[in-house]
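Enquirer: kindly generate the corresponding structure for this input.
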Amino acid sequence: MKKIICLFSGLIIFTLTSCGPKPGTPEAALKIRKDQIEKVEKKVEKTVSSIPNWCLNPPISDFAIAACGAGESANMNMARNRAVLDAKRQLADSIDSEISSRMEDFLKSTGMGANEQVKQASEIVTKNTTIQAKLTGYKQTKSDAFSMGSKYQFYVLVEYPIGEANQALLNQIKQDEVLSTQKDADKAMAELEAEIDKRRKNN
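Expert: Numbering: from 1, shown residues only. Predicted coordinates for the structure are as follows:
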């Protein structure tokens, strides 16, 4: 009876080992690689399924710029900090685009966009405004966290009022001697100020 059991056990072991590729062979390396890919795919699938809808589709508004950031870490606070930093980086790019666009509108309104002195002044003002806007005015509106194995996945939605960015630009233009004294500068600033007031009232 013992011989039969041993023979049967040996047959099972032989069957199990014969099913897989021999260790050290190209086939075995390929299988390991395939298993690794499947593991990564499962993790990605789980991560994607956990993303909140508000993060996949950040709100689009005429009054505020929004960005969703994601962060992962074994430490929850670190995951949150990474998510906020990710959102701020995206937001900074959007603020930069918004301010640059407004400055272009201002230069077109004054009709002096081709003047080299005006061009240099506008670049300085745009840069200063962008730095100022990046440092203040952020608002965290939503956040969510999920456990992903031994790590935390954190999502955060950050917004910045467009009116504040435009106001910062207007303040910088008023302080600049070159831009504020251009022909039709008062009219262009008045138009920008009217737009700021409109956005603030409707916000």
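
Enquirer: domain map for the protein?
Expert: 22-51, 55-202 (automatic domain parsing).

Enquirer: so is the nearest residue to Ala83 once chain neighbours are set aside in a helix, a strand, or just coil?
Expert: The spatially closest residue to Ala83, leaving aside those adjacent along the chain, is Gly71, at 3.5 Å (C-beta to C-beta, 6 or more residues apart in numbering). (Each C-beta comes from the backbone N, C-alpha and C, glycine too.) Per DSSP: H, G, I helix; E, B strand; the rest coil, the local secondary structure of Gly71 is strand.

Enquirer: could you double-check that Gly71 sits in contact with Arg89?
Expert: No - taking contacts as C-beta atoms under 8 Å, Gly71 lies outside contact range of Arg89: 11.5 Å.

Enquirer: and the two? Which one has more around it.
Expert: Neighbour totals were compared for Gly71 and Arg89, and Gly71 leads with 21 against 12 (other C-beta atoms under 10 Å).

Enquirer: which ones are touching that one?
Expert: Taking C-beta atoms under 8 Å, 6 or more residues apart in numbering, we find Gly71 in contact with Met78, Ala79, Arg80, Asn81, Arg82, Ala83, Val84, Leu85, Asp86, Gln153, Phe154, Val156.

Enquirer: wouldn't the last one be in contact with Asn81 here?
Expert: Going back to what we said before, that points to Val156. No - taking contacts as C-beta under 8 Å, Val156 lies outside contact range of Asn81: 9.7 Å.

Enquirer: neighbour count: these two, which is higher?
Expert: Neighbours were counted for Val156 and for Asn81 using other C-beta under 10 Å; Val156 has more, 27 against 15.

Enquirer: for that one, which three-state class applies?
Expert: For Val156, the assignment made with three-state DSSP gives strand.

Enquirer: distance of it from Val84?
Expert: Per C-beta to C-beta, to the nearest Å, Val156 is found 5 Å from Val84.

Enquirer: circling back: most neighbours per residue, which of the domains of the chain?
Expert: Comparing the domains of the chain on average neighbours per residue, with mean count of other C-beta atoms under 10 Å, the densest one is domain 55-202 at a mean of 17.

Enquirer: and Asp176, what pLDDT?
Expert: In this model, Asp176 is scored at 90, pLDDT.

Enquirer: what sits against the nearest residue to Gly137 once chain neighbours are set aside?
Expert: Once flanking residues are discounted, Gly137 sits nearest to Glu164: 4.8 Å by C-beta to C-beta, 6+ apart. By C-beta under 8 Å, 6+ apart, the residues touching Glu164 are Ala133, Thr136, Gly137.

Enquirer: at 10 Å what do you get?
Expert: The contact partners of Glu164, by C-beta atoms under 10 Å, 6 or more residues apart in numbering, come to Ala64, Ile95, Gln132, Ala133, Thr136, Gly137, Ile196, Arg199, Arg200.
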